[in-house]
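Undergrad: Next come a sequence and a model predicted from it.
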Amino acid sequence: MANEVKDLLGNPLSKDERDLVDLYTRLKTMSQRTDLPPVAVANVKQAMVLLWNACNDLALIAEEPGCD
């Protein structure tokens with residue numbers, strides 16, 4: 001996902017948009033870790049969902065965050 005160069009409408013991603021997708025992807029990966037304290041995972045998931053909102057609104061990604 002972080003390597004995508006176009007949004008869902010086919011427009012090239014700006015550096016800032018690529019950074020947003022990269023941050024979302026990193027948080028998604030971190031949210032799946034089992035070695036973190038539960039409070040850390042909960043906060044990572046919350047941050048991930050907030051970044052998902054931005055990426056989704058900008059048509060940068062087409063997926064659900066998939067966290068419970």
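TA: Yep, that arrived. Numbers count the residues shown, from 1 in each chain.

Undergrad: how about Pro12, phi and psi?
TA: phi -60, psi 140 (degrees, to the nearest 10).

Undergrad: For Leu36, see how far away it is.
TA: As judged by C-beta to C-beta, to the nearest Å, Pro12 and Leu36 stand 35 Å apart. Where you see a C-beta, it was placed from the backbone N, CA and C, and this is true even at glycine.

Undergrad: Compare neighbour counts for those two and give me the winner.
TA: When Pro12 and Leu36 are compared on other C-beta atoms under 10 Å, the one with more neighbours turns out to be Leu36, at 14 against 9.

Undergrad: quick one, phi/psi of the more buried one?
TA: According to degrees, to the nearest 10, Leu36 has phi -100, psi 150.

Undergrad: pretty sure it contacts Ala42?
TA: No - the pair Leu36 / Ala42 is not scored as a contact, 9.6 Å apart, by C-beta atoms under 8 Å.

Undergrad: Next, the contact list for the residue nearest the centre of the chain, please.
TA: Centroid check for the chain by C-alpha atoms, centre = their mean gives Tyr24 as the closest residue, at 2.0 Å. If a contact means C-beta atoms under 8 Å, 6 or more residues apart in numbering, then Tyr24 has 1, 48, 51-52, 55, 61 as its contacts.

Undergrad: Can you say which of those residues are buried?
TA: 48, 51-52, 55, 61 (16 or more other C-beta atoms under 10 Å).

Undergrad: In helices, which of these fall?
TA: 48, 51-52, 55 (DSSP state H).

Undergrad: about what we covered before: output the contacts of Tyr24 in JSON lines, with pLDDT and distance to Gln32 appended to each entry.
TA: Listed next are the contacts of Tyr24 as JSON lines, based on pLDDT from 0 to 100; distance: C-beta to C-beta, whole Å:
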{"residue": "Met1", "pLDDT": "46", "distance to Gln32": "14"}
{"residue": "Met48", "pLDDT": "96", "distance to Gln32": "10"}
{"residue": "Leu51", "pLDDT": "96", "distance to Gln32": "15"}
{"residue": "Trp52", "pLDDT": "96", "distance to Gln32": "14"}
{"residue": "Cys55", "pLDDT": "96", "distance to Gln32": "18"}
{"residue": "Ile61", "pLDDT": "94", "distance to Gln32": "17"}
